[in-house]
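Novice: Predicted model follows, preceded by the sequence.
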Amino acid sequence: MTDQLAGRLTPSGHELQVRVYFEDTDFSGVVYHARYLHFLERGRSDFLRLKGIGHGELLAGRFGTPIAFAVRHMDIDFLRPARIDDVVTVETRTQHLGGARILLAQRITRGEEVLIEAKVKVAVISPEGKPMRMPPAILTQLEPGAD
């Protein structure tokens, strides 16, 4: 599935192109480190959206009881800088699925050059913030290679 604004699903996961704007950079035109979190979040959100698991649908209880996803832990390696006007690609893929959490592998690239590598642990929670089990339909959708 594709969506001009949401990127595209790939055999290994999802890709989203993002242009670097002035607001993303520091005084020297280099992307400020915290802005990469925004790019990674957009990649995760659009990956879920194209898999049929939008955040609004989760909270509305489309998969049974209302749930939400919350980032529990993140490891990021800042390898190379992106600069103003670069077009970078945010890659997201499911690395591991558990009963109550997901481990996502994400990268930000510029062409063939890897700029950022991240591992993101996402927990399944109730709207009140209590841990929950992952609904089976979501597990199926997030399996690597599932469309």
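Specialist: Arrived safely, thanks for sending.
Novice: Which strand or helix spans residue 69?
Specialist: Using DSSP states H and E, residue 69 maps to strand 68-78.
Novice: Now do that strand: distance to the chain's middle.
Specialist: 9 Å (Cα atoms, centre = their mean, to the nearest Å).
Novice: show me where the chain has strands.
Specialist: 2-3, 7-10, 13-19, 68-78, 87-97, 101-110, 113-125 (DSSP state E).
Novice: Those strands into a markdown table, with extra columns for distance to residue 137?
Specialist: No exception for glycine: its C-beta is placed from N, CA and C like everyone else's. Formatted as a markdown table, those follow (distance: least, Cβ to Cβ, whole Å):
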| stretch | distance to residue 137 |
| --- | --- |
| strand 2-3 | 21 |
| strand 7-10 | 17 |
| strand 13-19 | 19 |
| strand 68-78 | 14 |
| strand 87-97 | 13 |
| strand 101-110 | 14 |
| strand 113-125 | 13 |
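Novice: Worst mean pLDDT among those strands?
Specialist: Among the strands of the chain, strand 2-3 has the lowest mean pLDDT, at a mean of 58.
Novice: Output the longest helix belonging to this structure.
Specialist: helix 35-50 (DSSP state H).
Novice: I would like the residues contacting it, please.
Specialist: Contact partners of helix 35-50, identified using Cβ atoms under 8 Å, 6 or more residues apart in numbering, comprise 1-3, 5-9, 13-14, 16, 18, 24-25, 54-55, 69, 76, 78, 88, 90-92, 104, 106, 108, 116, 118, 120, 122.
Novice: And those, which of them are buried?
Specialist: Using 16 or more other Cβ atoms under 10 Å as the burial test, the contacts of helix 35-50 include 6-7, 9, 13-14, 16, 18, 24-25, 69, 76, 88, 90-92, 104, 106, 108, 116, 118, 120, 122 as buried.
Novice: about what we covered before: relative orientation of the strand holding residue 69 and strand 101-110 in degrees?
Specialist: Comparing the axes of strand 68-78 and strand 101-110 via axes from the mean of the first three to the mean of the last three Cα atoms, to 10 degrees yields an angle of 40 degrees.
Novice: Strand partners (parallel or antiparallel) of strand 68-78?
Specialist: strand 113-125 (antiparallel) (DSSP bridges).
Novice: Having no further points to raise, I will conclude here.
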